[in-house]
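Engineer: prediction below, plus the sequence it came from.
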Amino acid sequence: MQPAAMSQPPFRLIWSLSWPQILMMLFNFLIGFADVWVAGQIDYRVQAALGIITQSLFLFLVIAMAVSGGAVAAISQSLGAGKRLRAERYIGLCLAIAAASGVVFLALGLPLRDLLVRALQVPENIVPLTRYVLQVFLYTLPPYYMIIMQNAVFRARRQVMVPLYTMILVTLVNTVGDLGFGLGFWGLPKLGLPGVVWSTFFSISFGAAFGLFVLRRDGTLRRKIFAPYRWVRCAFPYLFKVAMPAGFMQIVWHSGYLVLFAITASLPRNSVVALAGMAAGARVESLLFLPAFALNLTASILIGHLLGANEPAEAKRMGLRILAIGLVGIGLLAALIWPFLGDIAGFLAPRPEVQAEAQNYLVYNVLAIPFTLTTMILAGALAGAGATVYNLLGMGLGTWVVRLPLAYVLGHVILGTATGVWISMLASQACQAAILFYIYTRKDWQRFAMSKTRNGTHR
């Protein structure tokens, strides 16, 4: 018998959770879109520097991303099992971890920022710009940690409208700041790059404050949710079991992106143009993945609730339904925009050479969409079950065994251009998708979940 939370028809349930998250991801996309577009209007070197640090920033967010995945698994499974107190205590534990981690990473990152810039093989003519962007983005880490964790809590409780409202607020503040203080719209002082990066800081801070306000108003944020040590000692092992592979996966994935940036930055020809084209192309590509990210989050929520309610077979079917929706819907969207890739790239990249490289990037990455979708949606399902070790396996092999060696060989040895790097991205996505599909259909990944009688006895 299905739990009450799952009493709706499956496709209606998927849609009811997905559409607010699609809009949430759209607003999240608009934040980056505005940053890249405004940076491109200032100078293509500013656009390249911003693209490098935007990717490297995620390496600093590794704990937030890892623990947020564990939070969704633990909270959603607890609610599915009817253990409300346990869910609330996991909320308190995850918020405390986020607050502490954001401050620690800020303290560690500031003295190491020059070392990171050098490690990224940043071209000499954009080193000062890159260093400045990194410094301001490090200040953003504490509120960024909080906003990631708060949104995970709301998703796990199926309150998907709150993260949507949060991202609307963040987008409005960031866009007004980018245009006003970056380009001098509406008579505001034209600050250029500082206007862009400080707009990001203030917008994320406003979003984090809004999330805390909602948690306080609905009665969640109170002393009771911060459990005594004896409970934490019993509950933390499951959170750690889910978060540790997820954290390593984030390190593997984002450090792989940093190495990919380094490979691109050190190409024999046109390295800065390639970096700028990559930054612009990635923003366009991410637009296609907004529904995929939403379906990833929906899969994690529903699989967690179903496994908490001891419905493993239905959980597996639910994941496959979500995958089918994604492949059909987003595949059609990709086919519709294929003829217009050049026009879209040109909107973000005014310089002809950057536009051409952005279009080149998009060709290979749009072709990879079926593989990328499979990876993203099944990874969300596995994360909802707590089986993040399988995601680590698939992402690790795809990134470090396929993508990076192939990028260097094709980009530096055989072709000598960025095309070799883009080809490696397509190949690695195919590898990751095949691994995760095999695991999802052949392995007993449901065993990683808590249940009413196993791994879930703490109240």
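Structural biologist: Noted; the coordinates are in hand. Residues are numbered from 1 along each chain as shown.
Engineer: from here on, just use CA atoms for contacts and neighbour counts.
Structural biologist: OK.
Engineer: got phi/psi on residue 449?
Structural biologist: phi -80, psi 150 (degrees, to the nearest 10).
Engineer: what's the burial count for it?
Structural biologist: 26 (other Cα atoms under 10 Å).
Engineer: got the contact list for it?
Structural biologist: Under the criterion of Cα atoms under 8 Å, 6 or more residues apart in numbering, the contact list for residue 449 reads 73, 77, 304, 307-308, 385-387, 455.
Engineer: quick one, helices of the stretch 151-300 of the chain?
Structural biologist: 161-177, 183, 193-217, 229-265, 271-288, 290-308 (DSSP state H, counting those that start in this stretch).
Engineer: again with the stretch 351-459 of the chain
Structural biologist: Going by DSSP H, counting those that start in this stretch, the stretch 351-459 of the chain shows helices at 352-367, 369-384, 388-396, 404-408, 419-442.
Engineer: so which of those is nearest residue 13?
Structural biologist: helix 369-384 (15.3 Å; Cα to Cα).
Engineer: before we move on, the earlier item: any idea which of the contacts of residue 449 is least confident?
Structural biologist: Across the contacts of residue 449, the smallest pLDDT goes to residue 455, namely 42.
Engineer: next, format the helices of the stretch 151-300 of the chain as CSV and append distance to residue 450 and mean neighbour count.
Structural biologist: CSV is the format used below for these (distance: least, Cα to Cα, whole Å; neighbours: other Cα atoms under 10 Å):
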stretch, distance to residue 450, mean neighbour count
helix 161-177, 26, 22
helix 183, 51, 22
helix 193-217, 25, 20
helix 229-265, 8, 20
helix 271-288, 33, 24
helix 290-308, 7, 29
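Engineer: and those helices, which one is worst for confidence?
Structural biologist: With a mean of 79, helix 271-288 has the lowest mean pLDDT of these.
Engineer: what's next to that helix, contact-wise?
Structural biologist: By Cα under 8 Å, 6+ apart, helix 271-288 touches 26, 29, 32-33, 36, 44-45, 47-48, 51-52, 123, 261, 264-265, 330, 333-334, 344-345, 348-349, 353-359, 361-362, 365-366, 418.
Engineer: chain center to stretch 321-330: distance?
Structural biologist: Averaging C-alpha positions (Cα atoms, centre = their mean, to the nearest Å) puts stretch 321-330 19 Å from its chain's average.
Engineer: that one: which residues count as buried?
Structural biologist: Neighbour-count burial for stretch 321-330, with 16 or more other Cα atoms under 10 Å as criterion, is recorded at 322-323, 325-327, 330.
Engineer: before we move on, what about stretch 395-407?
Structural biologist: For stretch 395-407, by 16+ other Cα under 10 Å, it's 395-400, 402-407.
Engineer: avg pLDDT for it?
Structural biologist: On average, stretch 395-407 scores 93.
Engineer: make 19 the first number, not 1, from now on.
Structural biologist: Fine by me, first position is 19 from now on; the one you just mentioned is stretch 413-425.
Engineer: using CSV, write out every CA atom in that stretch.
Structural biologist: Extracted in CSV, the C-alpha atoms of stretch 413-425 (Å, rounded to 0.1, in the frame of the first residue of the first chain):
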residue,chain,number,x,y,z
MET,A,413,31.6,10.2,-11.8
GLY,A,414,35.1,9.2,-10.8
LEU,A,415,35.6,6.8,-13.7
GLY,A,416,34.0,9.1,-16.2
THR,A,417,36.0,12.2,-15.2
TRP,A,418,39.5,10.9,-14.3
VAL,A,419,39.7,7.8,-16.5
VAL,A,420,38.0,9.1,-19.6
ARG,A,421,37.5,12.9,-19.7
LEU,A,422,40.8,14.3,-18.5
PRO,A,423,43.3,12.0,-20.2
LEU,A,424,41.3,12.2,-23.4
ALA,A,425,41.2,16.0,-23.1
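Engineer: so which of the helices of the stretch 169-318 of the chain gets nearest residue 358?
Structural biologist: In terms of Cα to Cα, the element of the helices of the stretch 169-318 of the chain nearest to residue 358 is helix 289-306, at 11.4 Å.
Engineer: now do the closest one and helix 437-460, the angle between them.
Structural biologist: Here the directions of helix 289-306 and helix 437-460 differ by 30 degrees (axes from the mean of the first three to the mean of the last three Cα atoms, to 10 degrees).
Engineer: put together JSON lines for the contacts of residue 467, with distance to residue 391 on each row.
Structural biologist: Formatted as JSON lines, the contacts of residue 467 follow (distance: Cα to Cα, whole Å):
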{"residue": "91", "distance to residue 391": "21"}
{"residue": "95", "distance to residue 391": "25"}
{"residue": "322", "distance to residue 391": "20"}
{"residue": "325", "distance to residue 391": "23"}
{"residue": "326", "distance to residue 391": "26"}
{"residue": "403", "distance to residue 391": "19"}
{"residue": "404", "distance to residue 391": "20"}
{"residue": "405", "distance to residue 391": "18"}
{"residue": "473", "distance to residue 391": "31"}
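Engineer: ok, those residues vs residue 448, which is closest?
Structural biologist: Distances from residue 448 to the contacts of residue 467, taken by Cα to Cα, are shortest for residue 405, at 20.9 Å.
Engineer: picking that back up, of the helices of the stretch 369-477 of the chain, which approaches residue 162 most closely?
Structural biologist: Nearest of the helices of the stretch 369-477 of the chain to residue 162, taken as Cα to Cα: helix 387-402 at 21.1 Å.
Engineer: what packs against that closest one?
Structural biologist: helix 80-98, helix 308-326, helix 330-355, helix 406-414, helix 437-460 (3 or more Cα pairs under 8 Å, 6 or more residues apart in numbering; DSSP states H and E).
Engineer: elements contacting the fourth one?
Structural biologist: Other elements packing on helix 406-414 under the criterion 3+ Cα pairs under 8 Å, 6+ apart are helix 247-283, helix 387-402, helix 437-460.
Engineer: between those, which gets nearest to residue 114?
Structural biologist: helix 247-283 (11.6 Å).
Engineer: now the angle from that closest one to helix 289-306?
Structural biologist: 130 degrees.
Engineer: so which elements touch helix 247-283?
Structural biologist: By 3+ Cα pairs under 8 Å, 6+ apart, helix 247-283 packs against helix 62-78, helix 80-98, helix 102-137, helix 289-306, helix 406-414, helix 422-426.
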